[in-house]
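J.: Sequence and predicted model, in that order:
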Amino acid sequence: MPNSGLPFNRRLWSRRQLLKWGLGGIAMGGGAFALHRLTRTSSAPARVPAIAPELANRPNPMTLLRDFDYGTVKREKGRTVREFDLIADNSVLQLNSAVKFLSWNVNDRVPGPTLRATEGDRVRIIFRNRAGRPHSLHFHGTHPAEMDGVTPIRSGRETVYEFDAEPYGVHLYHCHIAPVTRHIGKGLFGLFIVDPPQGRSPADEMVLVMGGYDINDDKQNELYAFNGFPDYYQTHPIPIYQNQLVRLYLLNMIEFDPAVTFHIHANLFQVYPTGRTLTPKEETDVITMGTAERHILEFSYPYPGRYMFHPHQDAIAERGCMGEFEVISI
């Protein structure tokens, strides 16, 4: 696919440098794994580096990383109820200096809010459609048929989805109005995390949602992004602390590409498939995911410095799905 005149830093993509960084990952793998094991046994709260101020006129992708919405908590009939207000609407995203994109979104952001509950909580989603066309919200997980979110909600109307948060794991929600691919491709999706009742070990927790943008309606993506904005985490590396466990909730919502990979440099991560396990099932440095597939990845970096992360399909990485971790010495 042509690059449509979109700039990228070719210096970063020399094969010599990629080979150099890849060999570094092999050499560091054993040390990172040992430090990861030590970090997981700690019960101390995770430290989170300070982030940049909010950006004017758009969501701050650095804030979106760790922005978990636990809803308005109520007690009803002796149980916890988490109530969420979600609004479907339209807004223009400035993807880069040259490209604007009319998104269909939830709560004026792409991806939508990261909703979070504990297994067994009652979840109540008040969904209002102000977008000028029918939409719905379909949640992955377990719920009754009448809560499945496949019935169109006309613009100007609202509905309530209510169900128990189960099972624990990493789920998602998205519009389910045909053509579903177009509604997702325009930005109507988000992450839904259900924590196990016993919780997980302390970690610096963050979300990365991979998305694509078909900017000329040819059913192909011209731009890609983590958390909505192409190349943001390349020009604004994500700060994390050295030797501290990172828990990454990773979701692939790229339409039109049947599968993508995710790779981190100079390290390995442990994989918790769909977040449905409390023990890792695999250790690797690259994972392949189809659309709507998601996992928990855990890792810690033993050495300070900057480390790239990206899909291992260069054409996707070069068009915006690219970032770096800035590992900070404590």
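T.: Yes, it's here.

J.: give the contact list for Thr181.
T.: Contact analysis of Thr181 by CB atoms under 8 Å, 6 or more residues apart in numbering lists 255-256. C-beta: built from backbone N, CA, C; applies to glycine.

J.: Now name the helix or strand holding it.
T.: helix 180-185 (DSSP states H and E).

J.: Centre of the chain to that helix, how far?
T.: 17 Å (CA atoms, centre = their mean, to the nearest Å).

J.: If you count neighbours, what's buried in that helix?
T.: The neighbour-count check on helix 180-185 (16 or more other CB atoms under 10 Å) flags 180, 182-185 as buried.

J.: try stretch 245-259
T.: Those would be 245-255, 257, for stretch 245-259 by 16+ other CB under 10 Å.

J.: just curious, which of these is nearest to Ile193?
T.: Looking at the buried residues of stretch 245-259 and their distance to Ile193, the nearest is Tyr249, at 6.2 Å (CB to CB).

J.: With adjacent residues omitted, what lies nearest to that closest one?
T.: Val207 (4.7 Å; CB to CB, 6 or more residues apart in numbering).

J.: number of nearby residues for Phe325?
T.: 22 (other CB atoms under 10 Å).

J.: Could you break this structure into its assigned domains?
T.: Per automatic domain parsing, the domain ranges recorded for the chain read 10-53+201-328, 68-195.

J.: Now tabulate those domains in JSON lines and tack on distance to Pro59 and mean pLDDT.
T.: Below are the domains of the chain laid out as JSON lines (distance: least, CB to CB, whole Å; pLDDT from 0 to 100):
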{"stretch": "domain 10-53+201-328", "distance to Pro59": "7", "mean pLDDT": "85"}
{"stretch": "domain 68-195", "distance to Pro59": "5", "mean pLDDT": "97"}
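
J.: Just tell me which of the ones you listed ends up closest to Pro61.
T.: Here domain 10-53+201-328 is closest among the domains of the chain (CB to CB), at 4.5 Å.

J.: For the residue located most distally from the centre of the chain, give me phi and psi.
T.: What lies farthest from the middle of the chain is Lys77; by CA atoms, centre = their mean that is 33.9 Å. Main-chain dihedrals, Lys77, degrees, to the nearest 10: phi 50, psi 40.

J.: can you tell me which residues contact it?
T.: By CB under 8 Å, 6+ apart, Lys77 lies in contact with nothing.

J.: if we can go back for a sec, next, format the buried residues of helix 180-185 as CSV and append distance to Phe229.
T.: Shown next, in CSV, are the buried residues of helix 180-185 (distance: CB to CB, whole Å):
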residue, distance to Phe229
Val180, 23
Arg182, 21
His183, 20
Ile184, 17
Gly185, 16
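
J.: ok, back up a step: which strands and helices sit next to the helix or strand that contains the residue nearest to Tyr249?
T.: Using DSSP H and E, Val207 falls within strand 204-213. Under the contact criterion of 3 or more CB pairs under 8 Å, 6 or more residues apart in numbering; DSSP states H and E, strand 204-213 touches helix 61-65, strand 189-195, strand 223-226, strand 238-241, strand 246-253.

J.: taking those together, which one is wrapped up most tightly?
T.: Most buried of the helices and strands packed on strand 204-213 by mean neighbour count (mean count of other CB atoms under 10 Å) is strand 223-226; its value is a mean of 26.

J.: Send me that strand as CSV with only the CA atoms.
T.: Backbone C-alpha positions of strand 223-226 (Å, rounded to 0.1, in the frame of the first residue of the first chain) are rendered in CSV as follows:
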residue,chain,number,x,y,z
LEU,A,223,-3.4,5.0,9.0
TYR,A,224,-3.0,3.0,12.2
ALA,A,225,-2.8,4.0,15.8
PHE,A,226,-2.4,3.0,19.5
